[in-house]
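# Mind looking at a prediction? Sequence and model below.
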Amino acid sequence: MNQPIKLTVVGGGQMGRALICGMMAAKTVTAESLRLVNSSAISGQWWSENHPEVVISDLETAVQASDVVLLAVKPHAIAGVAKQPLSGCWDGKLVLSVAAGVGLESLCKGINHRRVVRVMPNTPSLVGAGASGFCCAEDVTEQDRATVEQLLGAVGIAIQVTESQMDAVTGVSGSGPAYVCLMVEALADGGVLAGLPRPIAMQLATQTVFGTAKMIAETGRHPGELKDSVASPGGTTIAALASLEHNGFRGAVIDAVAASARRSRELGSSK
Ligand SMILES: NC(=O)C1=CN([C@@H]2O[C@H](COP(=O)(O)OP(=O)(O)OC[C@H]3O[C@@H](n4cnc5c(N)ncnc54)[C@H](O)[C@@H]3O)[C@@H](O)[C@H]2O)C=CC1
Ligand SMILES: O=C(O)[C@@H]1CCC=N1
């Protein structure tokens, strides 16, 4: 069993929370090996109520106590963190950023340090079922890459991509949980419209999305083939699929991914 990683997370909001809770559950980090730097009273209160064991400290103290620093603040706040005087504190640290759109060049320039990894995680990391893409700046070593895989692998899958693919990763898996939640909500709404009580509709909708994802992952069969296996000739499913196609379901999802990727590029260029 690997030693817990000495990690500082800067930003304890939605994404910081999902990663920290997932990594603590996997024991990749422990309350002793973790430091949290956070600026908001509201999320600070969430931590003291839900995880009082997590030590919240100032940036300099936290970074000094850590081998890895993960920046989980909003893209526009990255520059503010980078500007804080750290008197050489980044030296010897592996720095990860999950900020959407913020490129390696801008991150490296901001902290004057090139041992930097850009990561696009997603919120199912909270339950160990995340999907992350990452790319590395030039000073990142093989050992660093192993550390990144240990951290992100503890909360799901982690795939190395080129930096030019990071906006697309954001469109598919970074933003993806929101589209899937919309789908589950809409499935349940449909169930209610068709006469089911809300809690039953929600349970069935959630398990259907979960079970289908599990089936695709575990059988390795193409989703198109699995879709065909549900649709009986002249049956209920093909009637529903025809309705989805008439309403532009595929096009809407493809456009959503493209819109997220485009927004990620915009966030990067507004730095
Ligand atoms: N929410 C998501 O599903 C995903 C978010 N991301 C990225 O994660 C980053 C954070 O997003 P969220 O967690 O959704 O935002 P959030 O607003 O929930 O959390 C940001 C946290 O950063 C803290 N913060 C702000 N400035 C700070 C500073 N100077 N020092 C310390 N803490 C500071 C805030 O107090 C807040 O708790 C963003 O860059 C976003 O692009 C990436 C993938 C998915
Ligand atoms: O909405 C956002 O900007 C962040 C990045 C990917 C998911 N959430």
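Sure, I can see it. Ligands and ions are numbered 1, 2, ... in the order given.
# Name the residues of this protein found near ligand 1, please.
10-16, 37-40, 43, 72-75, 77, 80-81, 98-100, 120-123, 174 (CB under 6 Å from any ligand atom). Any C-beta I mention is one placed from the backbone N, CA and C, and that applies to glycine too.
# Throw together a PyMOL command that grabs the buried residues out of those.
In PyMOL, a selection of the buried entries from the residues of the chain next to ligand 1 looks like this (16 or more other CB atoms under 10 Å):
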select buried, resi 10+11+12+13+15+16+37+38+43+72+73+75+81+98+99+100+120+121+122+123+174
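# near ligand 2, which of the residues of the chain next to ligand 1 show up?
Answer for the residues of the chain next to ligand 1 near ligand 2 (CB under 6 Å from any ligand atom): 100, 174.
# Can you mark which positions in whatever helix or strand residue 199 lives in are buried?
Counting by DSSP states H and E, the element that carries residue 199 is helix 198-219. Residues 201-202, 205 are the ones in helix 198-219 that count as buried (16+ other CB under 10 Å).
# The longest strand along the chain pairs with which strands?
Among the elements of type strand in the chain, defined by DSSP state E, the one spanning the most residues is strand 130-136. According to DSSP bridges, strand 130-136 has the following sheet partners: strand 116-120 (antiparallel), strand 156-160 (parallel).
# picking up where we left off before, among the residues of the chain next to ligand 1, which are in helices?
Members of the residues of the chain next to ligand 1 lying in helices (criterion: DSSP state H): 14-16, 43, 75, 77, 80-81.
# What average pLDDT does the helix or strand following the longest strand of the chain get?
Using DSSP H and E, the helix or strand that follows strand 130-136 towards the C-terminus is helix 142-153. The average pLDDT for helix 142-153 rounds to 98.
# Can you dump the C-alpha atoms of helix 142-153 in CSV for me?
Taking Å, rounded to 0.1, in the frame of the first residue of the first chain, the C-alpha atoms of helix 142-153 are listed here in CSV:
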residue,chain,number,x,y,z
GLU,A,142,7.7,10.0,-14.8
GLN,A,143,7.4,9.8,-11.1
ASP,A,144,5.2,12.9,-11.1
ARG,A,145,3.0,11.3,-13.7
ALA,A,146,2.7,8.2,-11.5
THR,A,147,1.7,10.4,-8.6
VAL,A,148,-1.0,12.1,-10.8
GLU,A,149,-2.3,8.7,-11.8
GLN,A,150,-2.3,7.6,-8.2
LEU,A,151,-4.3,10.6,-7.1
LEU,A,152,-6.8,10.7,-10.0
GLY,A,153,-6.9,6.9,-10.4
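# So which residues on the stretch 151-271 of the chain come close to ligand 2?
Residues of the stretch 151-271 of the chain lying near ligand 2 (CB under 6 Å from any ligand atom): 170, 174-175.
# mind running it again at 8 Å?
Neighbours of ligand 2 within the stretch 151-271 of the chain, by CB under 8 Å from any ligand atom: 170, 174-175, 177-178, 260, 263-264, 267.
# where along the stretch 151-271 of the chain do the helices fall?
Secondary structure of the stretch 151-271 of the chain (DSSP state H, counting those that start in this stretch): helices located at 166-169, 176-193, 198-219, 223-230, 236-246, 249-269.
# now these as CSV including distance to residue 62 and mean pLDDT?
As requested, the helices of the stretch 151-271 of the chain are exported to CSV (distance: least, CB to CB, whole Å; pLDDT from 0 to 100):
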stretch, distance to residue 62, mean pLDDT
helix 166-169, 26, 98
helix 176-193, 28, 98
helix 198-219, 36, 98
helix 223-230, 43, 98
helix 236-246, 49, 98
helix 249-269, 26, 96
